[in-house]
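A.B. asks: when you get a sec, could you give me coordinates for this:
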Amino acid sequence: MHEADRGLLKVHPRGKEDRPLRGVFSTRSPHRPNPISLHTVELLEIRGNVLRVRGMDAIDGTPVVDIKPNSPELDG
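C.D. replies: Residues are numbered from 1 along each chain as shown. Next up is the predicted model:
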């Protein structure tokens, strides 16, 4: 996160220049104007609206802004 370009607001999806520029918030780009990190985690349990996960680099009380399913063809 500390090396992200905070001034970059549009990127070519997946770094492919033949694709049109899109806003960083609509892509999985690490270059964001805010210090938000991405993690792939193991879902251990769902209890109501609470998800229990393993592998998230955060401390108790850290807000979760967005949840996306893992997509191997996009996430590598």
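A.B. asks: pretty sure Ile46 sits in a strand.
C.D. replies: Yes: per DSSP: H, G, I helix; E, B strand; the rest coil, Ile46 lies within a strand segment.
A.B. asks: so what's it up against?
C.D. replies: Contact analysis of Ile46 by Cβ atoms under 8 Å, 6 or more residues apart in numbering lists Arg52. (C-beta placed from N, C-alpha, C; glycine too.)
A.B. asks: how close does it sit to Pro33?
C.D. replies: Computed as Cβ to Cβ, to the nearest Å, the Ile46 to Pro33 distance reads 32 Å.
A.B. asks: can you give me the helices for the chain?
C.D. replies: For the chain, the helices defined by DSSP state H cover 72-75.
A.B. asks: where in it is pLDDT low?
C.D. replies: 1-4, 75-76 (pLDDT under 70).
A.B. asks: count the residues that sit near Met56.
C.D. replies: 14 (other Cβ atoms under 10 Å).
A.B. asks: ok, it - contacts?
C.D. replies: 39, 41.
A.B. asks: neighbouring contacts of stretch 6-15?
C.D. replies: Looking at stretch 6-15 with Cβ under 8 Å, 6+ apart, the contacting residues turn out to be 18-24, 27, 29, 31-34, 74.
A.B. asks: buried set for that stretch?
C.D. replies: Within stretch 6-15, the residues scored as buried using 16 or more other Cβ atoms under 10 Å are Val11.
A.B. asks: ends of it, what's the gap?
C.D. replies: 17 Å (Cα to Cα, to the nearest Å).
A.B. asks: try stretch 7-25
C.D. replies: End-to-end for stretch 7-25, by Cα to Cα: 13 Å.
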